[in-house]
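1. quick one: sequence plus predicted model below, questions after.
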Amino acid sequence: MAGHSKFKNIQHRKGAQDKKRAKIFTKLIRDISVAAKQGADPEINPRLKHAIACAKAHNLPKERIEKAIHAKEHDQNELHEIRYEGFLTDGLAVIVETITDNKNRTASDVRSMFNKFGGHMGEQGSASFMYDHLGCIIYPISICSEDELTQKALELGASDITCEHEHYTIYTDVQDFSKCEHALADIYGVASESYLSWKPHNLSIVTDEVKAKKLLDFIEALEHNEDVQNVFPNFDFTDEIIESLQ
């Protein structure tokens with residue numbers, strides 16, 4: 001449910017299988033409900049369209065998807081999107097995006113996790129100034145050549161394109177995200193992933209295995225919380241560390 005990187009691939013391999021289905025469903029339902037505030041028609045609401053696609057990929061039953069889309073307005077309004085920012089040792093930063101029906105509970109849980117792993121919560125804005133807020137659209141490299149996608153994406157308003165781990169990642173300004181996503185979908189089909197991302201200006205590479213294990217445990221603890229939707233660290237690991245943690 002969030003970013004695409006070497007680090008995120010570890011989460012899928014190491015952590016995804018031990019997450020409880022009920023927590024995953026709760027996250028998916030909340031994401032759909034909040035997205036539906038912007039309109040119940042997924043064909044004109046790209047955020048809702050992507051939320052539904054994620055839900056189907058995780059086998060969320062169709063009736064629960066429909067119920068989340070058409071939840072009563074007062075039920076939707078009970079959900080709040082809140083961003084938390086914090087720091088770990090050596091100035092490593094993490095942005096945590098949540099959807100919650102209880103602000104006090106979520107703030108307490110996130111703060112507790114930062115404290116448990118030797119970090120601390122900061123004020124909103126204390127870490128995000130070190131990131132760019134961008135649209136992120138991901139396709140498998142099998143769709144076309146990198147040169148073709150680069151040309152098409154830039155013509156459609158993309159700001160940058162990268163290729164790694166069998167995927168293309170297309171970045172856009174936030175205001176161009178929906179337009180670019182729709183246009184690329186018309187050409188290449190629905191993206192594997194698409195979301196608004198926090199991309200760090202500078203990525204710290206962790207080379208110590210003990211430190212890397214602790215950081216991984218921290219991210220997994222956050223992601224296992226049902227209120228947490230997305231986690232954006234400003235660090236990654238060397239390929240050697242990745243292999244040792246699998």
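-> Okay, I see it. What you are looking at is a predicted structure, and each value in this text was computed from that prediction instead of being measured.

2. pLDDT score assigned to the residue lying closest to A183 once chain neighbours are set aside?
-> The shortest distance from A183 to any residue other than its chain neighbours is 4.5 Å, reached at L156 (CB to CB, 6 or more residues apart in numbering). For glycine as for every other residue, the C-beta is placed from the backbone atoms N, C-alpha and C. At L156, the pLDDT value in this model is 93.

3. test my guess that L156 contacts K179.
-> Yes - in this structure L156 lies within contact range of K179 using CB atoms under 8 Å: 7.5 Å.

4. give me the distance between the residue nearest to A183 and N45.
-> For L156, the distance to N45 under the criterion CB to CB, to the nearest Å works out to 19 Å.

5. which of L156 and K179 has more neighbours?
-> Here L156 and K179 are compared on neighbour count by other CB atoms under 10 Å; more neighbours surround L156, at 18 against 14.

6. identify the residues contacting the more buried one.
-> By CB atoms under 8 Å, 6 or more residues apart in numbering, the contact list for L156 reads K179, C180, A183, L184.

7. dump these to CSV, plus pLDDT and distance to S33.
-> Converted to CSV, the contacts of L156 look like this (pLDDT from 0 to 100; distance: CB to CB, whole Å):
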residue, pLDDT, distance to S33
K179, 87, 25
C180, 91, 25
A183, 91, 27
L184, 93, 26
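
8. and those residues, which of them are buried?
-> Neighbour-count burial (16 or more other CB atoms under 10 Å) is assigned, among the contacts of L156, to C180, A183, L184.

9. circling back to that earlier point, list phi and psi for the residue nearest to A183.
-> Listed backbone geometry of L156 is phi -90, psi 0, with angles given as degrees, to the nearest 10.

10. can you flag which of the buried ones among the contacts of L156 belong to helices?
-> C180, A183, L184 (DSSP state H).

11. quick one: the strands in the protein?
-> With DSSP state E applied, the chain shows strands at 80-87, 93-100, 120-122, 131-140, 158-164, 167-173, 193-200, 204-206, 228-233, 235-237, listed in chain order.

12. Serialize those to TSV and add fields for distance to S244.
-> Supplementary listing: the strands of the chain in TSV, determined by distance: least, CB to CB, whole Å:
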stretch	distance to S244
strand 80-87	25
strand 93-100	22
strand 120-122	28
strand 131-140	26
strand 158-164	20
strand 167-173	23
strand 193-200	23
strand 204-206	12
strand 228-233	18
strand 235-237	9
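
13. okay if I get those strands as a markdown table plus distance to L149 and mean neighbour count?
-> Formatted as a markdown table, the entries for the strands of the chain read as follows, by distance: least, CB to CB, whole Å; neighbours: other CB atoms under 10 Å:
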| stretch | distance to L149 | mean neighbour count |
| --- | --- | --- |
| strand 80-87 | 30 | 18 |
| strand 93-100 | 27 | 24 |
| strand 120-122 | 37 | 15 |
| strand 131-140 | 7 | 19 |
| strand 158-164 | 6 | 15 |
| strand 167-173 | 6 | 21 |
| strand 193-200 | 15 | 21 |
| strand 204-206 | 27 | 15 |
| strand 228-233 | 24 | 24 |
| strand 235-237 | 23 | 21 |
